[in-house]
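Q: what follows is a predicted structure for the sequence shown.
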Amino acid sequence: MKHDGAKREVHDNYEAFKQLLPELMLRIPGKFVVLHQRKIERSFDTFADAVQFGSRTFGRGHFSVQEVTDRVITLGAWSYALHPDTH
């Protein structure tokens, strides 16, 4: 199922992001990073630019975007808006 693959990608990327966060906070706080297959591919100043790059480069559901911050942010319904084909 396509949706399960997207969930796995996001989960795996988030686990990798948590491990890298201390270093990222020193280097690029406030940026938005695009993760693909547990690797940071690129950073951006805006969320929109990060999503555009991820969609164009990897396709919907095959990447995730995280803000480099020490605040916990829950996107809730917004995360579903990025995957409208899963409803």
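A: Sure thing, it's come through.
Q: can you give me the helices for the protein?
A: Counting by DSSP state H, the chain has helices at residues 2-27, 47-58, 77-81.
Q: and of those helices, who's closest to Asp70?
A: helix 2-27 (6.2 Å; C-beta to C-beta). From N, CA and C alone the C-beta is placed, and that goes for glycine too.
Q: now the closest one: buried residues?
A: Buried positions in helix 2-27, judged by neighbour count with 16 or more other C-beta atoms under 10 Å: 6, 9-10, 13, 16-17, 20, 24.
Q: will you turn the helices of the chain into CSV that also has distance to Lys39 and mean pLDDT?
A: Formatted as CSV, the helices of the chain follow (distance: least, C-beta to C-beta, whole Å; pLDDT from 0 to 100):
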stretch, distance to Lys39, mean pLDDT
helix 2-27, 7, 88
helix 47-58, 11, 95
helix 77-81, 21, 44
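Q: let me have the ones you listed in TSV, extended by distance to Val33.
A: Shown next, in TSV, are those (distance: least, C-beta to C-beta, whole Å):
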stretch	distance to Val33
helix 2-27	7
helix 47-58	7
helix 77-81	16
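Q: fine by me, we can end here.
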